[in-house]
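Q: no sequence for this one, just the structure:
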Ligand SMILES: Cc1cc2nc3c(=O)[nH]c(=O)nc-3n(C[C@H](O)[C@H](O)[C@H](O)COP(=O)(O)OP(=O)(O)OC[C@H]3O[C@@H](n4cnc5c(N)ncnc54)[C@H](O)[C@@H]3O)c2cc1C
């Protein structure tokens, strides 16, 4: 699969799942790659996510009626949403765009675009897991989804009809079936589904590290440094770093997650990107064993069996990028999960916070900058950066070699805002 043309020199900034996958695909195609991050690979948002490869997650977070639920979410201390009030003036324009993205017509367009990007994710995972010898880090059992009542499920039934139309599988579980699959889960009169197409990664940070390490073994250069400056001309790009390096290349890939506006701004662009924080609690020795990821759609909490213990993940908190974490949000996740798993607990507890790079329409930003065609965007994956990392890497490598990206990238353009 090596490119036949010249081998472009590419700088990839950001070694999260997205940037590491870009580096891996570019290197395998024969590009000359330098991967730069101020942290080690996979130590930022890609470190502690829920690990789900959720191919059927094609719906945006802004859908008709969602705004009406916001006040009750904000008033509930264990609820799924929090806005730090000092942040409201900065978040308000983003929330306005979020609300605008939730019209029935926009939602249909967003679902179609997201489905086109989700369609190849399992194939691309097969490819990169095989190529990096990482298959042992993936489970392909699907996931269990819970609704707290028939009414709550009925309110979202349209999503499942739409999923069926797109050929995305799921099935309803009888209570005794759920008991057999996951004895620790209490249904309490609610509804359980099996999302059969979901897979999960048991160590997202370790997997990201493997993508980056394998790219380096294939010849990519790794540089731990902060990129402080970017310039781009028709002929190529140049980045400068905190330690005083200046690196020229033909192509620059911006895979800088929630921090992307800092470098984009130097080129005269700005994207409405919110830091939508999530948290996790890990039990190295949990009191309950799980076989499947279990997600409460009503409570927005996920429990995931990981290589190093049981992870409870979720929540949405809007705060400034540099604000300190509020681990009360992590504790609230556990409290919320105990509604459907009362025995949840354990020892060897650790907590973590990560910042999802979130656009108002829930779609990532992919492709070249209009006035700087040598700069390729690969950020803004929000809740699905693990799921879409390998596919993004493949698409970016095709663009780098002047090939058709296979899917229509116009819904993902930086200019759409
Ligand atoms: C609680 C939680 C649960 C989640 N669960 C899932 C899930 O189940 N499935 C899923 O698909 N997604 C999930 N996500 C989302 C997923 O984690 C993110 O979408 C993904 O990690 C984003 O990857 P990234 O590579 O874009 O960003 P990051 O991992 O944040 O990487 C960006 C990197 O860029 C570097 N960087 C930025 N600026 C510079 C600079 N100037 N110089 C050098 N380096 C720079 C940063 O140091 C960072 O390492 C979850 C997120 C959270 C918070």
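A: Great, that's in hand. This structure is a prediction, so every number in the text was calculated from the model and none was measured.
Q: what sits against residue 320?
A: 84, 86-87, 90, 275 (C-beta atoms under 8 Å, 6 or more residues apart in numbering). Backbone N, C-alpha and C define where each C-beta goes, glycine included.
Q: go back to those residues and keep what's next to the ligand.
A: Residues of the contacts of residue 320 in contact with the ligand (C-beta under 6 Å from any ligand atom): none.
Q: which helix or strand in the chain has the lowest average pLDDT?
A: When the helices and strands of the chain are compared on mean pLDDT, DSSP states H and E, helix 66-75 comes out lowest with a mean of 76.
Q: which strands or helices does it pack on?
A: Of the remaining helices and strands, those touching helix 66-75 by 3 or more C-beta pairs under 8 Å, 6 or more residues apart in numbering; DSSP states H and E are strand 81-83.
Q: could you give me the average pLDDT of the strand it packs on?
A: For strand 81-83, the mean per-residue pLDDT is 81.
Q: go on, stretch 208-225?
A: According to the model, stretch 208-225 has a mean pLDDT of 98.
Q: farthest residue from the center of this structure?
A: Each residue of the chain has a distance to the centre, and by C-alpha atoms, centre = their mean the biggest one is for residue 176: 33.0 Å.
Q: contacting residues around that residue?
A: Residue 176 neighbours (C-beta under 8 Å, 6+ apart): none.
Q: name the SS class of it, please.
A: The three-state label given to residue 176 by DSSP: H, G, I helix; E, B strand; the rest coil is helix.
Q: so residue 356 bridges to which residues?
A: residue 276 (DSSP bridges).
Q: give me the neighbour count for the residue in the stretch 1-150 of the chain positioned nearest to the ligand.
A: Proximity of the stretch 1-150 of the chain to the ligand (C-beta to the nearest ligand atom) peaks at residue 16, 2.2 Å away. Look at residue 16: counted by other C-beta atoms under 10 Å, it has 35 neighbours.
Q: how close does it get to residue 142?
A: 26 Å (C-beta to C-beta, to the nearest Å).
Q: buried ones in stretch 175-182?
A: 178, 181-182 (16 or more other C-beta atoms under 10 Å).
Q: can you redo those residues as CSV with distance to the ligand and pLDDT?
A: Formatted as CSV, these follow (distance: C-beta to the nearest ligand atom, whole Å; pLDDT from 0 to 100):
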residue, distance to the ligand, pLDDT
178, 21, 97
181, 19, 97
182, 18, 97
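Q: residue 261 and residue 380, how far apart?
A: Counting by C-beta to C-beta, the gap from residue 261 to residue 380 is 10 Å.
Q: looking at these two, which one has more neighbours?
A: residue 380 (26 against 17).
Q: need the overlap of contacts for residue 261 and residue 380.
A: Common neighbours of residue 261 and residue 380 (C-beta under 8 Å, 6+ apart) are 271, 273.
Q: of the contacts of residue 320, buried ones?
A: Here, 16+ other C-beta under 10 Å leaves 87, 275 buried among these.
Q: the contacts of residue 320: which two are farthest apart?
A: 86 and 275 (13.8 Å; C-beta to C-beta).
Q: list the contacts for the residue nearest to residue 93 when sequence neighbours are not counted?
A: Distances taken as C-beta to C-beta, 6 or more residues apart in numbering place residue 272 nearest to residue 93, at 7.1 Å, with adjacent residues excluded. Shown in contact with residue 272 (C-beta under 8 Å, 6+ apart): 93-94, 97, 359-360, 417.
Q: SS state for residue 272?
A: coil.
Q: now do it against the ligand, distance only.
A: 16 Å (C-beta to the nearest ligand atom, to the nearest Å).
Q: quick check: residues of the stretch 51-200 of the chain near the ligand?
A: Residues of the stretch 51-200 of the chain lying near the ligand (C-beta under 6 Å from any ligand atom): 51-52, 54.
Q: by neighbour count, which of these wins?
A: Neighbour counts for these, by other C-beta under 10 Å, peak at residue 51, which reaches 27 neighbours.
Q: what's the local residue count around whatever residue of the stretch 301-417 of the chain ends up closest to the ligand?
A: Of all residues in the stretch 301-417 of the chain, residue 385 sits closest to the ligand, at 2.2 Å by C-beta to the nearest ligand atom. When neighbours are counted by other C-beta under 10 Å, residue 385 registers 26.
Q: what's the pLDDT at it?
A: Reported pLDDT for residue 385: 98.
Q: residues contacting the helix or strand residue 263 falls within, please?
A: Using DSSP states H and E, residue 263 sits within helix 260-264. The contact list for helix 260-264 (C-beta under 8 Å, 6+ apart) reads 13, 227, 230, 254, 256, 270-271, 273, 357, 365, 369, 377, 379-380, 414.
Q: show me these that map onto strands.
A: 13, 227, 230, 254, 357, 365, 369, 377, 379 (DSSP state E).
Q: for the second one, what are its contacts?
A: Same thing as residue 227. 13, 36, 239-242, 263.
Q: between those, which is nearest residue 212?
A: For those, the nearest to residue 212 is residue 36 (11.0 Å; C-beta to C-beta).
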